[in-house]
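Chemist: The sequence isn't on hand, but the structure is:
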């Protein structure tokens, strides 16, 4: 497909975050249409982009021949349905996270992408953060040795996003009301999965167990702001535990722990990583003022009876050797494009995959595998922490490869 690719944004509020990145990519992508149910949102887009076509109906947009691809930024429970509809209409899809909420949706997404042959990419922007990409380069070069364990987490106090000012639930609040499980896993698990692939292309998540705390904090929040008689202040109203811990095993034996917590009160630190290998470790910053660090064991290792040198170094000390090519080439543009450069690089890789007909870096199998932690963790919790197997979503693809 020739450049620029005509792109429509579905979901104008989150979708507006892409505009900074799009401003740097005018030679690759043309913003042609917007769809949102809110007239005020559509009017703002028309003010900012006078030539854009504005729709209040998703199907009408897809039928209008106003785009080649869509960026889906609607509420998360709608992502799978909107992606499948767009693919059936012949449009390439860039989907916000997560890709799906149920296993049935995940398998339907895979079938639709395989049948249509169109490009599908999940817009997991944390995979493109500078530190995540640098760590991937270090893992690919065996800098940390064999990976053994990784801790990750999405820990972000979003209580104020669960309710409208009048006390009604937003879609986020409804999601925690109706589901129990690790409901927002991909920001943490995406980079981890890419590190695992860099270390061993055949590795994958094979099983999980999940545990959860009691759901207390949103009840307390609702009682404080809307009164003790508010429905959300009643016991049993929210199904999702305040903090959900999931332990995953990989085919190569790496142990991964994932904590998702969107309601506990604490300063902003929404993604957290600790990587351990046989020859070193990586620890992300604990807060915005605290930078990421690495520790690499001396060669040869210390002798019996000797102490290790416990001295962490800044990850950025290794930038000259391990900076990812994306960041070497486009750091200035990425730094000014929002979401720590993630939106900029997501769009570049999505457009390049369409243009060249190549596999996107976060393809349908990645998207479904990482998103499947939502329903599978729910299954484990419902069974009292029972181990649940994770399907091999690439099984058909692996079987088709020549021996």
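Modeler: On my side now, so go ahead. Source: prediction; values computed, not measured.
Chemist: nearest residue to residue 258 other than its sequence neighbours?
Modeler: For residue 258, ignoring the flanking residues on the chain, the nearest one in space by Cβ to Cβ, 6 or more residues apart in numbering is residue 246 at 4.5 Å. C-beta coordinates here come from the backbone N, C-alpha and C atoms, glycine included.
Chemist: same thing with residue 35?
Modeler: residue 55 is the one closest to residue 35 (Cβ to Cβ, 6+ apart), at 4.3 Å.
Chemist: give me every residue that touches the nearest residue to residue 69 once chain neighbours are set aside.
Modeler: Among residues not flanking residue 69 along the chain, residue 92 sits closest, at 3.8 Å (Cβ to Cβ, 6+ apart). Each residue near residue 92 by Cβ atoms under 8 Å, 6 or more residues apart in numbering is listed here: 5, 68-70, 118-120, 350, 354.
Chemist: how about a cut-off of 7 Å?
Modeler: 68-69, 118-119, 354 (Cβ atoms under 7 Å, 6 or more residues apart in numbering).
Chemist: Just the ones of these in helices?
Modeler: Those of those mapping onto helices are residue 354, per DSSP state H.
Chemist: my read is residue 249 is in a strand, agree?
Modeler: Yes. The assignment for residue 249 (DSSP: H, G, I helix; E, B strand; the rest coil) places it in a strand.
Chemist: Which strand residues bridge it?
Modeler: Beta-bridge pairing for residue 249 (DSSP bridges): residue 207, residue 255.
Chemist: My guess is it contacts residue 258. True?
Modeler: No. Here residue 249 does not reach residue 258: they are 12.0 Å apart, not a contact under Cβ atoms under 7 Å.
Chemist: Tell me which of the two has more neighbours.
Modeler: Neighbours per residue (other Cβ atoms under 10 Å) separate residue 249 from residue 258, with residue 258 holding more: 23 against 16.
Chemist: Contact partners for that one?
Modeler: Contacts of residue 258 were listed using Cβ under 7 Å, 6+ apart, and they are 152-153, 182, 185, 188-189, 246, 248.
Chemist: just residue 378 next, same as before
Modeler: Taking Cβ under 7 Å, 6+ apart as the test, what residue 378 contacts is 179-181.
Chemist: By neighbours, which of these wins?
Modeler: Busiest of these [other Cβ under 10 Å] is residue 181, holding 25 neighbours.
Chemist: Touching, it and residue 241? I think so.
Modeler: No. The pair residue 181 / residue 241 is not scored as a contact, 8.9 Å apart, by Cβ under 7 Å.
Chemist: ranking the contacts of residue 92 by neighbours, who comes first?
Modeler: residue 119 (28 neighbours).
Chemist: So that residue sits against residue 354, correct?
Modeler: Yes. With contact defined as Cβ under 7 Å, residue 119 counts as touching residue 354 (4.9 Å).
Chemist: Find the helix or strand that the residue nearest to residue 258 is a member of.
Modeler: Residue 246 belongs to strand 244-250 when assigned by DSSP states H and E.
Chemist: same deal with residue 259?
Modeler: Counting by DSSP H and E, residue 259 is part of strand 255-261.
Chemist: which residues touch the next helix or strand after that strand?
Modeler: Next helix or strand after strand 255-261 toward the C-terminus (DSSP H and E): strand 271-277. Residues from elsewhere that reach strand 271-277, judged by Cβ under 7 Å, 6+ apart: 126, 135, 144-155, 187-188, 191, 195, 281-284.
Chemist: cool, stretch 236-247 as well?
Modeler: 176-183, 208-219, 231, 257-261, 263-264, 373, 377.
Chemist: Just the residues you listed: which are in strands?
Modeler: With strands defined by DSSP state E, the entries of the contacts of stretch 236-247 inside them are 208-212, 257-261.
Chemist: now the helices for the stretch 301-403 of the chain?
Modeler: 319-322, 325-335, 342-356, 364-371, 373-382, 395-400 (DSSP state H, counting those that start in this stretch).
Chemist: hang on, I meant the stretch 1-150 of the chain
Modeler: Secondary structure of the stretch 1-150 of the chain, counting by DSSP H, counting those that start in this stretch: helices at 12-15, 19-23, 39-48, 58-63, 79-88, 103-116, 130-140.
Chemist: tilt between the fifth one and helix 103-116?
Modeler: Between the axes of helix 79-88 and helix 103-116, defined by axes from the mean of the first three to the mean of the last three Cα atoms, to 10 degrees, the angle is 20 degrees.
Chemist: Helix 79-88 to helix 364-371, inter-axis angle?
Modeler: Using the same axes, to 10 degrees: helix 79-88 against helix 364-371 is 170 degrees.
Chemist: Helix, strand, or coil at the closest residue in space to residue 259 that isn't next to it in sequence?
Modeler: Residue nearest to residue 259 in three dimensions, not counting chain neighbours: residue 153, with 3.8 Å by Cβ to Cβ, 6+ apart. Assigned by three-state DSSP, the conformation of residue 153 is strand.
Chemist: count of neighbours near residue 153?
Modeler: By the measure other Cβ under 10 Å, the count of residues near residue 153 is 23.
Chemist: And the one 3 residues further on, by the same measure?
Modeler: Look at residue 156: counted by other Cβ under 10 Å, it has 18 neighbours.
Chemist: Quick check, it in contact with residue 265.
Modeler: No. Residue 156 is not in contact with residue 265 according to Cβ under 7 Å; the separation is 11.2 Å.
Chemist: so how far does stretch 4-16 reach from one end to the other?
Modeler: Distance between the two ends of stretch 4-16: 19 Å, counting by Cα to Cα, to the nearest Å.
Chemist: got the buried residues for it?
Modeler: Within stretch 4-16, the residues scored as buried using 16 or more other Cβ atoms under 10 Å are 4-12, 14-16.
Chemist: Then stretch 288-299?
Modeler: Buried-residue list, stretch 288-299, by 16+ other Cβ under 10 Å: 292-297.
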